[in-house]
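**Q** Sequence and predicted structure are below.
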Protein chains: 2
Amino acid sequence: MPSHALKNDRYLRALLKQPVDTTPVWIMRQAGRYLPEYRELRKQAGSFMDLCTNPELACEVTLQPLRRFDLDAAILFSDILTIPDAMGLGLYFAEGEGPRFERPLRSFADVDKLGIPDPELSLSYVTDAVRTIRKALDGSVPLIGFSGSPWTLATYMVEGGTSKDFSKVKGMLYSNPKTLHLLLDKLADSVVLYLNAQIAAGAQSVMVFDTWGGVLSPHVYQEFSLHYMAKIVDGLQREAEGRQVPVTLFTKNGARWADSIAATGCDGIGVDWTTDLKEVVAAVGDKVTLQGNMDPSVLYADGETIRQEVKRVLEDFGEKPTGHVFNLGHGIHQHVNPDHLKVLVDSVHEYGRKT
Amino acid sequence: MPSHALKNDRYLRALLKQPVDTTPVWIMRQAGRYLPEYRELRKQAGSFMDLCTNPELACEVTLQPLRRFDLDAAILFSDILTIPDAMGLGLYFAEGEGPRFERPLRSFADVDKLGIPDPELSLSYVTDAVRTIRKALDGSVPLIGFSGSPWTLATYMVEGGTSKDFSKVKGMLYSNPKTLHLLLDKLADSVVLYLNAQIAAGAQSVMVFDTWGGVLSPHVYQEFSLHYMAKIVDGLQREAEGRQVPVTLFTKNGARWADSIAATGCDGIGVDWTTDLKEVVAAVGDKVTLQGNMDPSVLYADGETIRQEVKRVLEDFGEKPTGHVFNLGHGIHQHVNPDHLKVLVDSVHEYGRKT
C-alpha cells in the first residue's frame, strides 16, 4: 500500500521530519472517560478490561474522538499492563484504586519463572483490535500502537499496583539489581514482540509510555529505563506496507534527558508540560520530532485562554517546516468538557499552518 | 549570643558559604514515623496534630533523631498546613488519606474574606515549640524553622487536601488567575510573619517547602510559585542574635530552575534526586548553597550501597571548601531501617571531610 493511500498522513510526516501543511495533533487518552459516549459504552460493556479485550468495542472506543474532533491520528484503545497480565500476574481493577496484580513479583525465583508472551497467542485480542480499527479507519488517519516501557511495567509488577514512593521496586533496584535487570530484560523482549505484532497487524506508528521513568535519578534512569527502551527501538520492525513506522518514546518528567533519549534512534520524544519546549528544541536540534507539551489542566480554562496557550506552545517550538506533533503533556483529564478539546484541536491547525 | 555559642555550626557555615571541616548533613522528616520511639510517643499522644500543638511533645520528637544520629541540624517538628488552619479552613487528618480541610476555598469571596494570621496569637503553639526546642538543644546544633510555600499551601486549600492532578487549583489558575493571585499574596504575607515569628523565637535558619511547584509549566511556576517565594525572601528578618539567618528554598522537581531560584537572593536551594547535582552546580556556580540530593529509596539498600551512593553525591557536588548540605532529595520513608540512616550520616562526615 503506497503512502498516499492515507488520506491524512500529517502525523507520520511530522514524525519523519517531512514538511507538513500544518502541525498535526492527537491527544493522549483521547478515547476515554471525558467523552459521554465512552461512559455510555463502558456502562453497557462492563469493566475497562471488557472494553479492551473485545476488538469490536475497542474499535468503537478508538473511533469515538475522531467523530468529534479533527484529530490527525487514532491510538489503539488498550491498557499499558496487558503484557504483565499475559505473563500471568492477574491484572484487575479495584474500584477507585487503579490497576492491581493478584500475584506481584517478590523474588528472583518469581522473575526467573516468567515467560515471554507470544502476542499472537495470549494477546491476540490486541492484534485483532488493531486489524479491526485499521479496517474501520479506512485510511482516514494513521493508527498508533503502544506499550508501557519495561521500567514502568516493572513498577506495577513489583509494587502490585500504583505506588506513591515506589519503595518495593526501588528497594529491589538498589539492593537486588540483578533481579530487576532480569525482569527488565524479559520485559524488553516481550515489548519488542508485542509492538512488532501490532505493526504486523497494521499499527502505522508505535509509542512507548515510560510513565514512571521520571521518578529515577538521572544515572539510574539511564541504566534501568532508557537502556531497555533503546533495546526496544533496536528490535522494532521499522517498516511496513512500504512505509516507515516511526517510534516515539515518552518518559514523563524526562524531557530534560531528551538528548540521551534521542540517541536511542527513536523518531519522536514526548515532552510533558513541566519542561520548556524551547529548551528541548535547543538540546536535540533537528535529530528528533517533539510531541507535546501543553498542561492538560489548561483545558479547564475558557476558549480564549486555551487558544493563547496553543499559540504559546507553537511559538515555543518555533517556526520550522516540520518536527512537532501537538499533544498534551499527559493524558486528558476525565472532567474536561469535550468542547474545550475541540477549541484546542482547531486552533492547533489554525495557528500551526505552514503555508 | 555570639556565633561561637553554637557547638556545631557546620550547617549554618555551609549555607553562608563559609569553609567547613566536613559536609554537614540533616534529613528531611528526620523526626518521624521511621523511628520506633516516635511511633511510641505518637501512640501515647493521640493524633499527629496533638504532637504538633504541644510544645513539650514537639520538642521531644524534634530531639529524638539527634540522640541516634550525628546530625548537624534540628528541624522544628510541625506541619506545613498550620497557616491555612490558622486562617480558619479546619485542618484534619483522615485515616490513610493525608491532610484535609473542612472548608476548602471555592470562590473569590472565600479568598477575599481570609485574614492574615498573627502568629503570636493563632500560631503560638509553634513559636512556643521553637523556644522550648532551642532551650533543650542548648547550642548543640542549629534549629531550622519552616513553612510551606504559598503555591503549595494554595493547592491544599483549593483542592481540600492532597491531589493527583490538581484539577481544582489549576482550574482556578487558568480560568480565574486573579483569585489565585489574591490568595497567594495573602499567603506570602502570612508566611513572612510566620517565619519571622519563628526567627524571633529562636529559629537559626528557615526553609520554604514548595512540594508542588514542580507540577507547573516553567512560565507558570515563575508567576504563581517562585514570585511569591521571592516576596518571602525579601520580607524575612535575615539576622538574629548577631548572626545571619540563612533561608533555603526547595521546589520538589524544580532544581532545573535553580538559576531563577537563586536570583531570589536565597542562601540555599534544595535539590531532589531526579536532577543531576553536577548540572545544578554548573548552573548556579558559587551563588548559592545546594542541599541534597540522594534518592530516599537508597536507604532500602545494604550499607555498602548506601556508602557508595553517598560518595557519588559528594563527587557530583565536587571538591569545594563549602556550599553543600547533604540531605535526601525528599523526606525519609516511613519503612526505612533507622540503622541505615546511621550509615548515611556517618559516611557523609567521613567522605565529606575537607581537612
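**A** Cool, got the structure. Computed from a predicted structure; not experimentally measured. Numbers count the residues shown, from 1 in each chain, chains lettered A, B, ... in the order given.
**Q** Every contact and neighbour count from this point should use C-alpha atoms.
**A** Fine.
**Q** Report the strands that pair with the helix or strand of chain A with the lowest mean pLDDT, each with its relative direction.
**A** Every helix and strand of chain A was ranked by mean pLDDT, DSSP states H and E. The lowest is strand A:91-94, at a mean of 89. Strand A:91-94 has its sheet partners listed here by DSSP bridges as strand A:98-101 (antiparallel).
**Q** going on from the partner strand, what's the next piece of helix or strand?
**A** Using DSSP states H and E, the helix or strand that follows strand A:98-101 in sequence is helix A:108-112.
**Q** which element is the residue lying closest to residue A:173 once chain neighbours are set aside on?
**A** Among residues not flanking residue A:173 along the chain, residue A:180 sits closest, at 6.1 Å (C-alpha to C-alpha, 6 or more residues apart in numbering or on different chains). Following DSSP H and E, one finds residue A:180 within helix A:177-201.
**Q** How about residues contacting that helix?
**A** Residues outside helix A:177-201 that contact it (C-alpha atoms under 8 Å, 6 or more residues apart in numbering or on different chains) are A:83, A:107-108, A:111-112, A:115-120, A:126-128, A:130-131, A:145-151, A:153-154, A:172-173, A:205-206, A:224, A:228-229, A:231-232, A:235-237, A:240, A:245.
**Q** try stretch A:82-100
**A** A:81, A:101-104, A:114-117, A:122-123, A:153, A:156-157, A:160-162, A:190-191.
**Q** at 10 Å what do you get?
**A** Outside of stretch A:82-100, the residues within contact range by C-alpha atoms under 10 Å, 6 or more residues apart in numbering or on different chains are A:47-49, A:52-53, A:79, A:81, A:101-105, A:113-119, A:121-123, A:126, A:147-148, A:150, A:153-154, A:156-157, A:159-162, A:187, A:190-191, A:194.
**Q** residue contacts, residue A:283?
**A** A:255, A:256, A:257, A:258, A:259, A:260, A:262, A:277.
**Q** Tell me the pLDDT of it.
**A** For residue A:283, the pLDDT comes out at 95.
**Q** now swap in the one 5 residues further on and tell me
**A** According to the per-residue confidence, residue A:288 scores 97 in pLDDT.
**Q** if I pick it, what's in contact with it?
**A** With C-alpha under 10 Å, 6+ apart, residue A:288 has these contacts: A:14-17, A:248, A:258-259, A:261-263, A:265-269, A:281, A:323-324.
**Q** In helices, which of those appear?
**A** A:14, A:15, A:258, A:259, A:261, A:262, A:281 (DSSP state H).
**Q** how close does the fourth one get to residue A:283?
**A** To residue A:283, residue A:259 is 6 Å away according to C-alpha to C-alpha, to the nearest Å.
**Q** Equivalent analysis for the fifth one, please.
**A** Using C-alpha to C-alpha, one obtains 11 Å as the distance from residue A:261 to residue A:283.
**Q** Give me the common contacts of the two.
**A** residue A:255.
**Q** about what we covered before: just the buried ones from the contacts of residue A:288, in ChimeraX syntax?
**A** One line in ChimeraX is enough to select the buried ones among the contacts of residue A:288; burial here means 16 or more other C-alpha atoms under 10 Å in any protein chain shown:
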select /A:14,15,16,17,248,258,259,261,262,266,267,268,269,281,323,324
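**Q** mind listing the strands for chain A?
**A** Here chain A has its strands, by DSSP state E, at A:74-75, A:91-94, A:98-101, A:143-148, A:205-210, A:239-240, A:243-244, A:247-251, A:268-271, A:289-294, A:324-328.
**Q** Select from those strands the stretch with the lowest mean pLDDT.
**A** For the strands of chain A, where the average pLDDT is lowest is strand A:91-94, sitting at a mean of 89.
**Q** Would you mind naming what in the stretch 201-350 of chain A lies close to chain B?
**A** When proximity is defined by C-alpha under 10 Å from any C-alpha of the partner chain, the stretch 201-350 of chain A lies next to chain B at A:213-221, A:253-254, A:256-257, A:272-277, A:293-306, A:309, A:329, A:333, A:335-336.
**Q** Which among those count as buried?
**A** A:213-218, A:221, A:253-254, A:256-257, A:272-277, A:293-301, A:303, A:306, A:309, A:329, A:333, A:336.
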